[in-house]
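**Student:** Could you look at this predicted model? Sequence included:
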Amino acid sequence: MTSSPENTEEQSQVTGRYRAWIFALGASLLASSLIVTPFFWLGSPSGHDIAFHAGSWLDAAGQWKEGIVFPRWAEWANHGFGEPRFIFYPPLSWMLGEGLGFVVPWNAVPGVFVVLVQTLAGMCAFALARRVLPERVALFGAFCYAANPNALLMVYLRSDFAELLASAVFPLLFLVAFELGGTLANRRGSLTRGIGLFGIILAMVWLSNAPAGVLASYSVALLFVWAAVTEKSWLPLARGAAGTALGFGLAAFYIVPAAYEQRWVNITQALSTGLLPQENFLCTQTGDPEHNLFNWVASSTALLMILLTGATALATRRGMVGEEERSEKRKIWGALLLLSAAATLLMFRVTAILWNVLPELRFVQFPWRWMSILAVAFAVFLGAAASRRLGWLVAAVVLAILGGTGVFLAKHGWWDGNDIPALRATIEQGNGFDGTDEYDPLDPRGYDRYNLPGKAPLVRMLPPKEDSSKMSSAIISVVKWTAEEKLLRVKAQGPLRIALRLIDYPAWRVELNGRQIEPERADGYDQMIVPVAAGESRVRVHFTRTWDRMLGGILSAVSLLVALFLLRGPSPI
């Protein structure tokens, strides 16, 4: 029995597709492996955010061991007093980090994280590039995206693992946006599945990093408006709005509590001195020499990407526009050029007014973060340039530039493999780690987390508020002490107060002998204090599920059902 020519041809195409994806995986893995090569002899980079991310991984991993699958309260922040970090910081990056901690040694987690995420980044870039470029040069574009200068900056100097994860899926998000808008053909003819897939990817971005979510939301909105104008139809806007609504719905279990509970914390500290957009436009100088030095490095990286993207876009214009059969390439070229121009302008002070008036844009903090968006066009245009005459020379020059950038950033980074061991040691000793300013509970009395006592015991006895000179003796038994529940038994000779090593927060419910009470707070800081009477008392403090978290969970569950319904159709990729 012989196969028909049609079956043989179809099998050959399938084999070719699999082979292309295997090559893409190899190119992406090669790029990510080269990025972490210095880790083997220098240790892990001690970037700006390493303590925050590593502390989150370790804290969440400890709560997994306590049976808390989805942490909301960071137990060891503020040196054991805690903070609502996991309510406000998106979960995907710290969940990935804590998961890796159970598989590989903790010192290896940063390097393995980078390899996994940047391999994913290259694969997503290949998915986009192969739609408009020959697969041979699409592989080059995927490699360049995995090792783009902004990613190198995040790895070597910033240690921003969450933003790195969000940036990895940007090319896939834009690919599906192009299909929904009609810029690229929907090859399998299912717009409903495209809407479902777009919503899932947008939710992934928001659940990885909030500033990246803002960048992605504005970027895809621009793409849908561009598509509506070029297609002379409102349908791209309608599809984009549907996909965006679905994405926000899927991420609602994080977004709703994070938005509502901002009124309970000092979230404005996210825009304190040094973090304001006007202090971080490209080439901006401030009175802080250390800030100026890093802004110079970030600005130089951004200018390099702008020059390379612009030069390759102009060099490939003739090959991507003009002929009717190339109309799809022409649309992509125009859309990516528009996206590049917008991202570039928003990195300069000339757009300061937009940073002040556009909703939530100021919380991106650093205008040079728009490099994450520019990097998508950067990879596609580099791939297109490599497909032209003397493309091998372009590829060689670009690879040399990327390699030189990596060496420069690695040399200017601070390397110390002791960050995670030091954090683990402080947790094991019961001392915890520093908290985060913007997650401090809001207190009109002038709460300051820096007033919290260091190395505080789990519980401490205080005299009654009415008579500070009268101190009764008592026996306090700690029955249970986990991140989300504290259970004490008190046998007191007279009235007294119990100071817990815990910051008060509206989500904490305090029960004294089964009856809910309102705890007191220490002067100068928000340590929780529970007054008890003479005799035996049972004190239970547990972290409750507030109405905003319940609402967010319901919205996400409904959105998930909608996404599953939409995904029943054939894939649009």
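**Tutor:** Received it, and whenever you're ready, just let me know what you need. Given the structure is predicted, the values throughout are model-derived calculations rather than measurements.

**Student:** what residue ranges in the chain score low on pLDDT?
**Tutor:** 1-16, 187-189, 318-326, 442-449, 569-573 (pLDDT under 70).

**Student:** Just give me the residue right at the centre of it.
**Tutor:** residue 209 (2.2 Å; C-alpha atoms, centre = their mean).

**Student:** I figured that one was touching residue 91, is that so?
**Tutor:** No - using C-beta atoms under 8 Å, residue 209 makes no contact with residue 91, being 10.8 Å away. Just so you know, the C-beta spots here come from the backbone N, C-alpha and C atoms, and that holds for glycine as well.

**Student:** re earlier: return the residues in contact with the residue nearest to the centre of the chain.
**Tutor:** The contact partners of residue 209, by C-beta atoms under 8 Å, 6 or more residues apart in numbering, come to 90, 93, 160, 162-163, 165-166.

**Student:** what's the farthest-apart pair in these?
**Tutor:** Using C-beta to C-beta, those span at most 12.3 Å, a distance reached by 90 and 160.

**Student:** and which of the contacts of residue 209 is nearest to residue 508?
**Tutor:** Proximity of the contacts of residue 209 to residue 508 (C-beta to C-beta) peaks at residue 90, which lies at 22.6 Å.

**Student:** What is the three-state secondary structure of residue 491?
**Tutor:** Using DSSP: H, G, I helix; E, B strand; the rest coil, the structure places residue 491 in strand.

**Student:** Without its sequence neighbours, what residue ends up closest to it?
**Tutor:** Distances taken as C-beta to C-beta, 6 or more residues apart in numbering place residue 475 nearest to residue 491, at 4.5 Å, with adjacent residues excluded.

**Student:** in what helix or strand does the one you found lie?
**Tutor:** strand 474-481 (DSSP states H and E).

**Student:** Which strands border that strand, and is each parallel or antiparallel?
**Tutor:** strand 485-492 (antiparallel) (DSSP bridges).

**Student:** Show me which residues of the partner strand are buried.
**Tutor:** By 16 or more other C-beta atoms under 10 Å, the buried positions in strand 485-492 come out as 486-488, 490, 492.

**Student:** helix or strand for residue 541, which one?
**Tutor:** According to DSSP H and E, residue 541 maps onto strand 535-543.

**Student:** Stretch 42-56: end-to-end distance?
**Tutor:** For stretch 42-56, the first-to-last residue distance is 23 Å (C-alpha to C-alpha, to the nearest Å).

**Student:** and what of stretch 428-439?
**Tutor:** End-to-end distance for stretch 428-439, by C-alpha to C-alpha: 23 Å.

**Student:** What residues of that stretch count as buried?
**Tutor:** For stretch 428-439, the neighbour count (16+ other C-beta under 10 Å) marks 432-433, 435-439 as buried.

**Student:** sorry, back to before: quick one: the residue nearest to residue 491 and residue 497, what's the gap?
**Tutor:** With distances taken as C-beta to C-beta, to the nearest Å, residue 475 is found 15 Å from residue 497.

**Student:** Among those two, which residue is more densely surrounded?
**Tutor:** residue 497 (17 against 10; other C-beta atoms under 10 Å).

**Student:** pretty sure that one belongs to a helix, no?
**Tutor:** No - using three-state DSSP, the assignment for residue 497 is strand, not a helix.

**Student:** give me the element residue 273 is part of.
**Tutor:** Assessed by DSSP H and E, residue 273 sits outside every helix and strand.

**Student:** Find the nearest non-adjacent residue to it, please.
**Tutor:** Sequence neighbours aside, residue 279 is the residue nearest to residue 273 in space, at 7.5 Å (criterion: C-beta to C-beta, 6+ apart).

**Student:** does residue 286 sit in a helix, a strand or a coil?
**Tutor:** Recorded secondary structure, residue 286: coil (three-state DSSP).

**Student:** Would you confirm that it contacts residue 296?
**Tutor:** No - the criterion here is C-beta under 8 Å, and residue 286 misses it with residue 296 at 11.3 Å.

**Student:** how about the buried residues of strand 485-492 in a markdown table, adding distance to residue 557?
**Tutor:** Conversion of the buried residues of strand 485-492 to a markdown table gives the following (distance: C-beta to C-beta, whole Å):
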| residue | distance to residue 557 |
| --- | --- |
| 486 | 30 |
| 487 | 31 |
| 488 | 35 |
| 490 | 40 |
| 492 | 45 |
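
**Student:** Which stretches in this structure count as strands?
**Tutor:** For the chain, the strands defined by DSSP state E occupy 459-462, 474-481, 485-492, 496-503, 508-512, 515-517, 520-521, 527-532, 535-543.

**Student:** Look up how far residue 138 lies from residue 263.
**Tutor:** Separation of residue 263 from residue 138 (C-beta to C-beta): 47 Å.

**Student:** more neighbours, those two?
**Tutor:** residue 138 (28 against 9).

**Student:** isn't the more buried one right up against residue 383?
**Tutor:** Yes - contact criterion C-beta under 8 Å: residue 138 and residue 383 qualify, at 5.7 Å.

**Student:** Common neighbours of these two, please.
**Tutor:** Residues touching both residue 138 and residue 383 (C-beta under 8 Å, 6+ apart) are residue 129.

**Student:** which residues touch the closest residue to residue 261 other than its chain neighbours?
**Tutor:** For residue 261, ignoring the flanking residues on the chain, the nearest one in space by C-beta to C-beta, 6+ apart is residue 87 at 5.9 Å. Neighbour list for residue 87: 72-73, 257-258, 261, 549 [criterion: C-beta under 8 Å, 6+ apart].

**Student:** Kindly indicate which of the contacts of residue 209 lies nearest residue 420.
**Tutor:** Of all the contacts of residue 209, residue 93 has the smallest distance to residue 420: 15.3 Å, by C-beta to C-beta.

**Student:** and the closest residue to that closest one other than its chain neighbours, how many neighbours?
**Tutor:** Using C-beta to C-beta, 6+ apart and skipping the chain neighbours, the partner closest in space to residue 93 is residue 162 (3.8 Å). The tally of other residues near residue 162 (other C-beta under 10 Å) stands at 27.

**Student:** Surely residue 162 touches residue 89?
**Tutor:** Yes - counting by C-beta under 8 Å, residue 162 touches residue 89, with 7.5 Å between them.

**Student:** ok, back up a step: quick check, nearest of the contacts of residue 87 to residue 128?
**Tutor:** The closest of the contacts of residue 87 to residue 128 turns out to be residue 258 (C-beta to C-beta; 29.5 Å).

**Student:** And the closest one, how far from residue 506?
**Tutor:** Note on residue 258: its distance to residue 506, by C-beta to C-beta, is 14 Å.

**Student:** now residue 436
**Tutor:** 18 Å.

**Student:** ok, now residue 554?
**Tutor:** Per C-beta to C-beta, residue 554 is found 20 Å from residue 506.

**Student:** now residue 71
**Tutor:** In terms of C-beta to C-beta, residue 71 sits 18 Å off from residue 506.

**Student:** Output stretch 195-204 as CSV, nothing but the C-alphas.
**Tutor:** This file holds the C-alpha atoms of stretch 195-204, laid out as CSV (Å, rounded to 0.1, in the frame of the first residue of the first chain):
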residue,chain,number,x,y,z
ILE,A,195,-9.9,36.6,21.1
GLY,A,196,-9.6,33.8,23.7
LEU,A,197,-5.9,33.4,23.0
PHE,A,198,-5.3,37.1,23.1
GLY,A,199,-7.0,37.4,26.4
ILE,A,200,-4.9,34.6,27.9
ILE,A,201,-1.6,36.1,26.8
LEU,A,202,-2.6,39.6,27.9
ALA,A,203,-3.5,38.2,31.3
MET,A,204,-0.1,36.4,31.4
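
**Student:** List the single closest residue to residue 474 in space, sequence neighbours excluded.
**Tutor:** Nearest in space to residue 474, with sequence neighbours left out and distances taken as C-beta to C-beta, 6+ apart, is residue 492 at 3.9 Å.

**Student:** And the helices in the stretch 51-200 of the chain?
**Tutor:** Secondary structure of the stretch 51-200 of the chain (DSSP state H, counting those that start in this stretch): helices at 85-88, 91-101, 109-129, 135-146, 149-153, 161-168, 170-181, 191-206.
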